[in-house]
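*Asks:* got a sequence here, can you build the structure:
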Amino acid sequence: MINTYIPYISKSERKLLNSCLNSTFISTAGPRIEQFENLFSKIFKFKYAVAVNSGTSALHLALLTSGIKKDDIVITPSYTFAATANAITYTGATPWFIDCDKKLILDISKVDKILKEKTIKKSNHLIDKSSGKIIRAILPVQTFGKSIEFLEYVKLAKKYNLKIIFDSAASHDPKIFNFKKSLNSIFCFSFNGNKTITTGAGGILATNSKKLASIARIYSTVGKKKSNYDYQKIGYNYKMTNIQASMGISQLKKLKNIINKKKLIFKYYNSNIKENSKYLKIYDKKFVNWVFVLELKNSKIFEYLKKKFDLNKIQANFFWKPLHLQTPYKNFKKSNLSYSNKIWKKIFVLPSHPGITKRDQKKICKILNF
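*Replies:* Modelled structure (predicted):
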C-alpha cells in the first residue's frame, strides 16, 4: 500500500529513545522536554514553547490562556479538522463557523463583513446581536500547513478586540514563521504520526509572550507552578513525555533534510502532473506544505481517481468534511458557507511523505494523467 503519510524515522530516533529508556525518565519528567521546547523555539523563531501531549491539547490550552470562557463565541472555519472546534467546546464556548476562501483558508473579507453586520461593540466587547454572547477570539487554520496572511488576521483581531490563535497543526516549514509575531498571538502545532515531523503523538503551544506561555504551562501541568503539590489553577495532565520529546529532538535535528525531501517530491508532482481542465494543483514554490493537493473540477473525477487508486493500492480518501455538515456540530452558529459546501468533495490529497519512492510517484502521476 502506498500511504498518504507515514512517519520518517531512522536510527537517530532509536538512539535517542534508547538513551531515554536507559535514563528511566520515560514520563512527563526529564530533561528532553525542555531541550525539545528550546530547539523548537530556536528553529521556528519563537521566544517560548510549551510541549504537550497533542495538538488538540495545545489548542485547548491556547483558548484557556486567552481567557475564553463558557458561553463565549470563537470564530473559526468549518473546513477544518474536528480538533479545532472540539477544543473550543472544551472551554464551554461555541464555534461560529465562517466560510473559507479559494485558498481554503478562513475568509478575512467575509469575517469582516459579517462582524460589521451582525455584531455590536459594548463595554469593550464584541457582542453577537442574535444571542447577546461575547465573541472573544478568532482561530484561523493553516490548511495543509500553508503559509497564510498572519498579520492580516492579527490586524482584524485588533480591529474587533479579539484574541488571536492560529491552528498551525500541520505547518512545519520554519520559513513560514520567519516574521515578527504579535505578543498576543498563540500558535498551536501537532506532531501526530501523520505530520511532517512527529513525536508519535504530541504538540506545542508557541508564543512570544512570556505571560501567555507561563499561564499555559501551569494549565498543562495539572495546575502546578512548580514540581510539588501546590496548585495554582484547575489544570490538565497535558504535558509531553520525555520519550516523545526525545523523538522530537531527533526529528527537529533532521528537519532540513525532511523539508528538502518533501520539496523534491512536490516539485516532481508539479512537473509531472500534466496541466489540464480536470484539476488544479495546489502547490507553493516558496514554502513546503504538509501534503500535495489537487482541486478537482467535480466529484465525479474524485470517484474515478478513487477507484483507480484503490486498484493500484494507493491510499485515497475524502479529506476534511466541513464540520457544520456533521452531526456533533450542525447546530452551532454558522454564516456564509457556500464555498465550503462545494469544495470539500473536490479535494484530492496525494501521498506526500518523505519516504515515498520515485517509482511510486511515477505510478501516481501516470494514473492522474488520464
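
*Asks:* hey, let's count contacts and neighbours off CA atoms from now on
*Replies:* Fine.

*Asks:* so which residues make contact with the helix or strand T84 falls within?
*Replies:* For T84, the host element (DSSP states H and E) is helix 82-90. If you take CA atoms under 8 Å, 6 or more residues apart in numbering as the criterion, helix 82-90 is touched by T56, S57, L59, H60, L63, V74, T76, T94, P95, D167, L323.

*Asks:* doesn't the fifth one fall inside a helix?
*Replies:* Yes: using DSSP: H, G, I helix; E, B strand; the rest coil, the assignment for L63 is a helix.

*Asks:* among the contacts of helix 82-90, which are in helices?
*Replies:* Among these, the members found in helices (DSSP state H) are T56, S57, L59, H60, L63.

*Asks:* for the fourth one, which non-adjacent residue is closest in space?
*Replies:* Yep, that's H60 we're talking about. A87 (4.8 Å; CA to CA, 6 or more residues apart in numbering).

*Asks:* the one you found: neighbour count?
*Replies:* 23 (other CA atoms under 10 Å).

*Asks:* the one 4 residues further on too?
*Replies:* By other CA under 10 Å, 18 other residues sit near T91.

*Asks:* picking up where we left off before, what about the residue nearest to H60, distance to Y219?
*Replies:* In this view, A87 and Y219 are 14 Å apart by CA to CA, to the nearest Å.

*Asks:* find the nearest non-adjacent residue to L280, please.
*Replies:* E295 (5.0 Å).

*Asks:* SS state for that neighbour?
*Replies:* Applying three-state DSSP: E295 is strand.

*Asks:* buried ones from the contacts of helix 82-90, can you make that a ChimeraX selection?
*Replies:* Filtering these down to the buried ones (16 or more other CA atoms under 10 Å) takes a single ChimeraX command:
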select :56,57,59,60,63,74,76,94,95,167,323
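
*Asks:* so who does the most centrally placed residue in the chain touch?
*Replies:* Centroid-nearest residue in the chain, with CA atoms, centre = their mean: A169, separated by 2.0 Å. A169 makes contacts with G55, Q142, G145, C188, F189, S190, F191, G203, as judged by CA under 8 Å, 6+ apart.

*Asks:* name the nearest residue to K346, sequence neighbours excluded.
*Replies:* In this structure, K346 finds its nearest non-sequential neighbour in L296, 4.8 Å apart by CA to CA, 6+ apart.

*Asks:* per-residue pLDDT, that neighbour?
*Replies:* What the model reports for L296 is a pLDDT of 97.

*Asks:* ok, now S227?
*Replies:* So, for S227, pLDDT stands at 68.

*Asks:* next one: N18
*Replies:* 89.

*Asks:* with just CA atoms, put the strand or helix carrying it into CSV.
*Replies:* For N18, the host element (DSSP H and E) is helix 11-23. Written as CSV, here are the backbone C-alpha positions of helix 11-23 (Å, rounded to 0.1, in the frame of the first residue of the first chain):
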residue,chain,number,x,y,z
LYS,A,11,18.5,5.3,13.5
SER,A,12,18.8,8.7,15.2
GLU,A,13,15.3,8.4,16.8
ARG,A,14,16.1,4.9,18.0
LYS,A,15,19.4,6.1,19.5
LEU,A,16,17.7,8.9,21.5
LEU,A,17,14.8,6.7,22.5
ASN,A,18,17.1,4.1,23.9
SER,A,19,19.0,6.8,25.7
CYS,A,20,15.8,8.0,27.2
LEU,A,21,14.8,4.5,28.3
ASN,A,22,18.2,3.9,29.9
SER,A,23,17.8,7.1,31.9
